[in-house]
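>>> give me a 3D structure for the following:
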Amino acid sequence: MKKLLKFAKWPALLVGIIFMLGACHRAPSRTANSPKHMRGVWLTDVGTMALTYTTLLDETLHHISKSGYDRVYFSVYGLRGQLYATKQRGELIPKLPLINPMASMARESRRQGVKPYAWFEYGLMLPQYDPVAKNNPDWLLTMANGEQVIENHGIPMVWLDPAHPGVQAYILGHIDDILQEQSLAGIQLDDHWAVPRQFGDRQRDLTALTAKVHERIKAKNPELALSLSPNPYQFSRNEYNQDWLGWVRQGIIDEVVVQVYRSSPAEVQQTVAKSGIYTASRYVPVGIGLYTGIKAKPFDLQAIKNQIQAVEDQNLGHSLFVWEFLVLRAINARLNIL
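Next up, the predicted model:
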């Protein structure tokens, strides 16, 4: 029994040593970058947690900053829950042991001169098995045929009704929880902040909720930005009730990064021209989201650089989706893009 107790101490001791080493060694801080146009990187919640627990977060952000990128959009709300304490899912999800990933990301980003945006990734979508969906069936949208579920990459997903008072309280509660972290530069919504057209015309309801989110953020700190990463405008409005150009004109969105995930520079340029980005640029800072993920095969460093150049040639900023795919594929190819 004594031997078992002796060996049982080793995992805890190892974790303690790793944590102490990470606390003792930190990448040097950097001053803020000021590129002509925004240069951002997306980071998933898995990447944020992995980098935080392995004490590589500061080194990674130092590298991102040193490479000329001035902002990072890190997922704090998605399929796996959230990276902050909240009661909004019906039960308190506590901070992870020893660390707070959202706070660590915000703090280290600032130390490296990078603007941290909490990416509210899954918006009005929920997996069908989520406790919120199960416990609040009246919160869910229903199609004309009575169905509530729409498949998303093979996962049965339900959608929250933006006009329901309970849904609005749930969303604004999450926003309040995120805003507890005072080092953030802003919060980002994306193409999941939407209502599929199968549920009817819900543009007015979605616009009203977006305005409430913007108002809540500005009440906390007028300097915080509400960023949005939608698809090109016509597709967003026609297929997902997301009238984001209207939101920009109305002043309830402070930044737009349009997702243009294409396979060639020519396709990127063609899509950008019709995306609505130039109209948005009259009102707010804008950029183009470029895809570097696992669907882009084979990995071609020059092709990604060419897409970046195609965007910069049009006098626009960009953001890369996503950091993990980018780095892992670059390592696999013995390359380094950043």
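>>> can you give me the first-to-last residue distance of stretch 271-291?
In stretch 271-291, first residue to last residue: 14 Å (C-alpha to C-alpha, to the nearest Å).
>>> now that stretch: buried residues?
Buried residues in stretch 271-291, defined by neighbour count with 16 or more other C-beta atoms under 10 Å: 271-272, 275-277, 280-281, 283-284, 286-291. C-betas here are computed from N, CA, C, even on glycine.
>>> farthest-separated two in the residues you listed?
283 and 291 (25.6 Å; C-beta to C-beta).
>>> and the helices in the protein?
2-24, 45-53, 57-66, 101-111, 131-135, 165-178, 203-220, 233-240, 244-250, 265-273, 277-280, 301-313, 323-332 (DSSP state H).
>>> who wins for proximity to residue 156 among these?
Short answer: helix 131-135, nearest of the helices of the chain by C-beta to C-beta, at 9.9 Å.
>>> any idea how far residue 176 is from the closest residue to residue 188 other than its chain neighbours?
For residue 188, ignoring the flanking residues on the chain, the nearest one in space by C-beta to C-beta, 6 or more residues apart in numbering is residue 227 at 3.9 Å. In this view, residue 227 and residue 176 are 18 Å apart by C-beta to C-beta, to the nearest Å.
>>> with neighbour numbers in mind, choose between those two.
Set residue 227 next to residue 176 and count neighbours by other C-beta atoms under 10 Å: residue 227 wins out with 29 against 14.
>>> the more buried one and residue 184 touch, don't they?
No - look at residue 227 against residue 184 with C-beta atoms under 8 Å: they stay out of range, at 10.9 Å.
>>> can you list residues touching both of the two?
Applying C-beta atoms under 8 Å, 6 or more residues apart in numbering, one finds that residue 227 and residue 184 are jointly contacted by residue 117.
>>> show me what contacts the residue most central in space within the chain?
Centrality entry for the chain: nearest residue to the mean C-alpha point is residue 119, 3.0 Å, by C-alpha atoms, centre = their mean. Counting by C-beta under 8 Å, 6+ apart, residue 119 makes contact with 42, 73-77, 187-188, 190.
>>> also residue 149?
Contacts of residue 149 (C-beta under 8 Å, 6+ apart): 128, 156-158.
>>> burial measure for the nearest residue to residue 218 once chain neighbours are set aside, as a count.
Distances taken as C-beta to C-beta, 6+ apart place residue 224 nearest to residue 218, at 7.2 Å, with adjacent residues excluded. If you count neighbours by other C-beta under 10 Å, residue 224 ends up with 20.
>>> do the one 10 residues further on as well
Neighbourhood size, residue 234 [other C-beta under 10 Å]: 12.
>>> I'd say it and residue 274 touch.
Yes - counting by C-beta under 8 Å, residue 234 touches residue 274, with 7.3 Å between them.
>>> give me the residue ranges of the stretch 1-150 of the chain where confidence is low.
Within the stretch 1-150 of the chain, the stretches with pLDDT under 70 are 1-25, 33, 90-98.
>>> name the residues of stretch 46-65 that are buried.
47-49, 51-53, 55, 57-65.
>>> what's the answer for stretch 173-193, then?
174-175, 177-179, 181, 184-193.
>>> tell me which two of these sit farthest apart.
181 and 191 (23.9 Å).
>>> circling back: wait, which of the buried residues of stretch 173-193 is closest to residue 34?
residue 185 (14.0 Å).
>>> separation between the nearest residue to the closest one once chain neighbours are set aside and residue 184?
Nearest residue to residue 185 in three dimensions, chain neighbours excluded: residue 115, at 3.8 Å (C-beta to C-beta, 6+ apart). The spacing between residue 115 and residue 184, counted by C-beta to C-beta, is 9 Å.
>>> show me where the stretch 51-200 of the chain has its strands.
Taking DSSP state E, counting those that start in this stretch as the criterion, the stretch 51-200 of the chain contains strands spanning 71-75, 77-78, 81-82, 115-119, 125-127, 150-152, 155-159, 186-190.
>>> now the last one, how far from the chain's geometric center?
What that stands for is strand 186-190. Its chain's average C-alpha position is 7 Å from that of strand 186-190, according to C-alpha atoms, centre = their mean, to the nearest Å.
>>> what's it packed up against?
When contacts are defined as 3 or more C-beta pairs under 8 Å, 6 or more residues apart in numbering; DSSP states H and E, strand 186-190 sits against strand 115-119, helix 203-220, strand 225-229, strand 255-259.
>>> and of these, who's closest to residue 32?
strand 115-119 (7.9 Å).
>>> so what are the sheet partners of the closest one and their directions?
Using DSSP bridges, the strands paired with strand 115-119 in its sheet are strand 71-75 (parallel), strand 186-190 (parallel).
>>> contacts for the first one?
Here strand 71-75 makes contact (C-beta under 8 Å, 6+ apart) with 38-45, 47-48, 61, 64, 83, 102, 105, 109, 114-119, 121, 185, 188, 227, 229, 257, 319, 323.
>>> ok, residue 265 touching residue 312?
No - look at residue 265 against residue 312 with C-beta under 8 Å: they stay out of range, at 10.9 Å.
>>> and these two? Which one has more around it.
residue 265 (18 against 15).
>>> with residue 288 as the reference, measure out to the more buried one.
Taking C-beta to C-beta, one finds residue 265 at 12 Å from residue 288.
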